[in-house]
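*Asks:* heads up, no residue letters with this:
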C-alpha cells in the first residue's frame, strides 16, 4: 500500500487536499458505521445462529443455511419468479418509458407538456402500502371497481394466471413516469444539429426517431439497464406480498426470494438463513453487474459503468 | 402534410391524456372510497360517484386526532431534519469525489459503490444500533439507520458536479484564494439547485414513507410517525388473520379500523406529498435528468 | 485497491465486535423489562402512570422495578425477536400457537428456568397443572410459564339478531352444521343483498378447531389427526377437514360465503353486528359472546369443547437467555402469577382511573369509558396477561369464581390424546418452512370454500410428496406410538 501511495499521489498531494478529505469525514463515518461494521455480521450466513452465543460465539455450519435456496421445491419457484419478473420489468419498463419520452419530445405545445410531466410522476410518489389499497379497490370480487364496471365476478385474488400481468402493470404504472423523464431528458440533450441534418436529408419523423433519437438514447439505456441488472435478485417486497394480500392460492406466482425469506423468518425466526439469502442476492448482483459491465466494455467502451 | 402532422399531434395528446388519467384516477378512487359510507361501500362497491357520502371516516380520525396529528408532527420533524442532514452529508461527500485532482478518488468511490451491493442484514445492524449506540426509542432511531446517506444519491450528486460545473470556475475561485468550503458554498451550490431540489424530494420521500426504522427501533408511542400508524394497522390485521386465537375472545373486543378508515389514513399520509410535489416538480425533472443518467 | 478494501474490511470486523454495552444502573434497585403484546390502544401517559404505581409497589416488596414495554400485537414477534438478540428483554410474552417453542429453544432465545421453578414458592407451583408444565417444557426442561387460560373451545355460530328474529330462528336449537346450513339458506333467500356467511377473521373461516381436527401434534405445525384418534395425517386428508370443507364449498358455490373471503381484511363479528353479514363461525368458551357483540344471537354448540395438542399454553411468559438479571427476572415472573396486587395493577391499571370495582366487587370501566377511550388498554386486552384468574372478576363475566369456572371448563374439555408428546423439528427448518408455505397456499382457500378440496387434493398430495412430507410424518408417527406405549 505504501508503495502505491508513493507512486500515485504522494503524501504531499494528499496533505494539500486535506480540506476535501475533511469534508468527507462525516460521510465516511456514516458508511463505516451504517454499512461496513454490520457487514462483519454477514458471517452469520455461515453459522448456526444462537441468541445466547451471539454472532461470534455461534457454531459454524458451513453452507447449510444456503441449502434452501437451491435444494427445496420452492427454490426453483422463487428464483424463477424473482428473475423472471425483474427481466420483464426491465424490458417493459424501458420500452414503455422510451415511447413516452419520445412522445413527450414530439409534442410541441409547451404547457400541456409540463402538465403531463407533473402528473405521470404521481404514482412514483406513492408508497406500496397505499398501492395495495388502491389495487384492492380495483380488484375486490364483490366491491371492486373492475368487477362492478364490467359486470363480471372475476375472483382476482384467487386466480394466479392474472397476476404476472397485474404485477407488470402495477410496476409500469409506478415507475414509468420517473423512467420516461430520465429518457426524455436525454432526448432533449441530443445535439439538435443531428436532427437538422436528418431533416435536410429528407428523413421522415419515423426515420429521425429511428436513426437519431434511439442511438442517442443508447448510453442511458445501457446505464439504466446495468443498474437494474445489479438488482435482479431482489424484489419489491411490498409489491409481491402486500399487493396480492398474501393470498395463498397465488403463492406460485408471488413467491420471490424476499417474500420467502420474510415468511420463513416470521415463522422460524432464522437469522442464519435470512443472512444467507441476503448474501446470495448481493453476490449474484455483484457478479452480474461485473459481467454485464465487462460485456459492455467489450462492445461499447464509453458506456461502461466503470 | 400539415394536416397529417396535426393528426399526429392530436393522437399524441390523446395518448398522454390517457396516461395522465391512468396515473390520477386510481388515486381518486381511493379518495372517494374514504368518503363513502361503510355500508354503501360493502353493498355497492368502490365507485367514483358513491351513492352515499359520509364523513364518518374522517370523524373517526378526528376523534383520534391526537394520535394522528402527533404522528403527522413526528413525520414532518423527521423528514425535515433527516433531509437536511442527508443533503449536507451527500453534498460534502460528493463534491470531493467529483474533483479529478483528488488522490485516492477511485478507492473512495469504490468504498461508496460497494455499499450499494452489500449490506450486513437486519440483525447485525440492529445489534449495533441498539447495543452500542443505544438509539432505541430516540428520534435518532428514525433518522439514522439506512436513511441518512445513500450511495445512489451521492453518485447522482457527483455526476451532476462533474457534468454541470465547469472546472474553470473552481480554478478561478482557487486563484482568488478561496477555501474549499467557500468554493463549495459560494460557487458550486448556487449552480446545483435542480439537483439539490431533486434530492430533497427523493430523500424527503424516503423519510416520509419510512416505517421500517420505526418498526425495529421504536416501541414508544410518542415517536410514532404517520406511516408507522398505517403500518401498525396492516400488521395487526395480518396478525388477526393468522394467529389471533392466542388472544382468545379479547381479540374480538378490539375493533379493527374499517376499510374506509384505512383508506382515509392512507389519503392523509399521501396528501402533503401531493401538495408539495408540484412546486418542486420543475427542478425535479431537471435534476433527474442530469444526475440520473450517468449515475 | 484490493488491499485497501481488505484493510478496511478487517478494520470494520475488529471494530464490529458488538459486545453488549455493560448495563449501568445507578440505583440499587434492578430494573426488569417486561414485554407484553397489545391489541388495545393506549397512551404513553397512562402506561407511565401505571408503571410508576407498579414500581412504587414492586421496589418496596421485591426490590425490583419494571420497565413496561407494550408492543402492537402485529409487530410483537418481530420486535421481540430482534430485541432478544441484545440484553434489552428480561421477561417477555411469546406465542407458541404454531409450534414456535421448539424454535425459541433451538435458537437459544429462552432461559432454562427449570431450577428456578423447582426452588420457587408452592403458590407458584400449585398454579400450574402437569399439562401446563408439559406445554412449556421441551426435552424435560422448562422454558416458560403458560398463560393461565381455559383450554381450547367449542364451536358456535354468531347470527345477526334482527334477521334471526325476523325469520323466527331459534338460535340455541342449532347444534349441527346441517341445521346451520338450513338457516343460512333461509337467510340468503330473505336477504340476498348481504353476505350470508363471512369468515371469522380476515381469511380465516374459524379459529376453533373443535369442529375440524386435532392439530399441532407433538407441538409441530404439520401433524394432524381426527378427533380421538392418534393416526397422524396431513390436514388435507383428515375426515374432519374434508367434512368441514364440504359444507363451506357448497355454501361458497351457492353464494352464501363472501366471494372475497381470501382477501378479506375484516372481522366477521363486526360485520354481523353491523348487519352487513348474517352469520360467522366463532370459537367460544366461558365468555359470553352475545354480550361481547351487540345485536347478535349465538347458536348452540356445533362442536363440543376440545383442546388440540397445541392449544394448551399457546401464549407463554419466559425469560430471555440474554437477560442480564435472570434472578430478578424470575422474581417478576413469579409475581405475575402469585401477587394479585401486582397482576391487577398490570392488567387493569390504576383503580379509579382505568377501572373501578363496583359494589359487587367486580371490575368494570369507569363512568363514561369504553374499550375505545380508556387510556391504558389493559382492561380490553386482558387475555395477553399471564394470569387472569387472580384478578377481580369482570362485571361482564357470567361466573362468580374465575378459577373454579376455568377448572370446571378444563375438566369438560376433550384433550388431545397426544397431549404431552413432543417431536423435535429443530433440524428440519427447510422442511418446516416448505410445509408451512404449502399449507398456507391451500388451507384458507379450502376452509372458506373458495376451492373444492377434492379438486386440489391430488395436487396437494403430490406437492406433499415432493417436500418429503410422508417420510417426516411416518417418523413422527413412530415417535408418537412409542410415546403412547410408554404412557
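*Replies:* Structure received. Quick caveat, the model's predicted, so the values are computed rather than measured.
*Asks:* enumerate every residue touching residue C:238.
*Replies:* C:212-213, C:224-226 (Cβ atoms under 8 Å, 6 or more residues apart in numbering or on different chains). Heads up, the C-betas are built off the backbone N, CA and C, glycines and all.
*Asks:* just residue A:228 next, same as before
*Replies:* Contact analysis of residue A:228 by Cβ under 8 Å, 6+ apart lists A:86, A:89-90.
*Asks:* okay if I get those residues as a markdown table plus secondary structure, pLDDT and neighbour count?
*Replies:* Listed next are these as a markdown table, based on DSSP: H, G, I helix; E, B strand; the rest coil; pLDDT from 0 to 100; neighbours: other Cβ atoms under 10 Å in any protein chain shown:
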| residue | secondary structure | pLDDT | neighbour count |
| --- | --- | --- | --- |
| A:86 | helix | 96 | 20 |
| A:89 | helix | 96 | 20 |
| A:90 | helix | 95 | 16 |
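*Asks:* so which of those also contact chain C?
*Replies:* Among the contacts of residue A:228, not one lies near chain C by Cβ under 8 Å from any Cβ of the partner chain.
*Asks:* pick the one among these closest to residue B:237.
*Replies:* Within the contacts of residue A:228, the smallest distance to residue B:237 is 28.2 Å, found for residue A:89 (Cβ to Cβ).
*Asks:* can you count the residues close to the residue nearest to that closest one when sequence neighbours are not counted?
*Replies:* Of all residues not flanking residue A:89 in the chain, residue A:171 sits nearest, at 5.0 Å (Cβ to Cβ, 6 or more residues apart in numbering or on different chains). By other Cβ atoms under 10 Å in any protein chain shown, 18 other residues sit near residue A:171.
*Asks:* so residue A:171, which of the three states?
*Replies:* Assigned by DSSP: H, G, I helix; E, B strand; the rest coil, the conformation of residue A:171 is helix.
*Asks:* separation between it and chain B?
*Replies:* Noted for residue A:171: a distance of 14 Å to chain B, by Cβ to the nearest Cβ, to the nearest Å.
*Asks:* list the residues that contact that residue.
*Replies:* A:85, A:89, A:92-93, A:236, A:239.
*Asks:* now secondary structure too, for those, in a markdown table please.
*Replies:* Shown next, in a markdown table, are those (three-state DSSP):
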| residue | secondary structure |
| --- | --- |
| A:85 | helix |
| A:89 | helix |
| A:92 | helix |
| A:93 | helix |
| A:236 | coil |
| A:239 | helix |
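*Asks:* report the lowest-confidence entry in those.
*Replies:* Across the contacts of residue A:171, the smallest pLDDT goes to residue A:236, namely 89.
*Asks:* quick check, pLDDT for residue 36.
*Replies:* Here I'm looking at chain A. Model confidence at residue A:36, expressed as pLDDT, equals 94.
*Asks:* that answer is for a different chain, and I need it for chain C
*Replies:* Taking residue C:36 on its own, its pLDDT is 94.
*Asks:* before we move on, what about residue C:11?
*Replies:* At residue C:11, pLDDT is 45.
*Asks:* these two touch, right, residue C:78 and residue B:215?
*Replies:* Yes. The pair residue C:78 and residue B:215 qualifies as a contact (Cβ atoms under 8 Å) at a distance of 6.9 Å.
*Asks:* higher neighbour count, those two?
*Replies:* Between residue C:78 and residue B:215, counted using other Cβ under 10 Å, residue B:215 has the larger neighbour count: 21 against 18.
*Asks:* check contacts around the more buried one.
*Replies:* Contacts of residue B:215 by Cβ under 8 Å, 6+ apart are B:228, B:231, B:235, C:75, C:78-79.
*Asks:* nearest to the spatial middle of chain B, which residue is it?
*Replies:* Geometric centre of chain B, nearest residue: residue B:205, 1.6 Å, by Cα atoms, centre = their mean.
*Asks:* what's the pLDDT at residue A:7?
*Replies:* 48.
*Asks:* to clarify, my last question referred to residue C:218.
*Replies:* Here the pLDDT value assigned to residue C:218 is 85.
*Asks:* nearest to residue B:273, of the contacts of residue A:228?
*Replies:* The closest of those to residue B:273 turns out to be residue A:89 (Cβ to Cβ; 23.7 Å).
*Asks:* what about the closest one, distance to chain B?
*Replies:* 17 Å.
*Asks:* contacting residues around that residue?
*Replies:* Contact partners of residue A:89, counting by Cβ under 8 Å, 6+ apart, are A:168, A:171, A:175, A:228.
*Asks:* which two among the contacts of residue C:238 are spaced furthest apart?
*Replies:* Between any two of those, the greatest separation by Cβ to Cβ is 11.2 Å, found for C:212 and C:225.
*Asks:* ok so, going back, which of the contacts of residue B:215 has the most neighbours?
*Replies:* Neighbour counts for the contacts of residue B:215 peak at residue B:228, which has 25 neighbours (criterion: other Cβ under 10 Å).
*Asks:* isn't that residue right up against residue B:214?
*Replies:* Yes. Between residue B:228 and residue B:214 there is a contact under Cβ under 8 Å: 4.0 Å.
*Asks:* give me the number of residues near residue A:45?
*Replies:* Count around residue A:45 with other Cβ under 10 Å applied: 22.
*Asks:* so it touches residue A:281, yeah?
*Replies:* No. Between residue A:45 and residue A:281 there is no contact under Cβ under 8 Å: 11.1 Å.
*Asks:* following the lowest-mean-pLDDT helix or strand in chain C, which helix or strand comes up?
*Replies:* Least confident helix or strand of chain C, by mean pLDDT, DSSP states H and E, is helix C:2-15 with a mean of 44. Sequence-wise, the next helix or strand downstream of helix C:2-15 (DSSP states H and E) is strand C:30-38.
*Asks:* is that next one positioned near chain A?
*Replies:* No. Applying Cβ under 8 Å from any Cβ, one finds strand C:30-38 separated from chain A by no less than 14.7 Å.
*Asks:* cool, stretch C:261-277 as well?
*Replies:* Yes. Using Cβ under 8 Å from any Cβ, stretch C:261-277 reaches chain A at C:262-263, C:265.
*Asks:* in the stretch 1-150 of chain B, what residue comes closest to chain A?
*Replies:* Residue of the stretch 1-150 of chain B nearest chain A, by Cβ to the nearest Cβ: residue B:124 (2.3 Å).
*Asks:* just the pLDDT for that residue.
*Replies:* Looking at residue B:124, its pLDDT reads 89.
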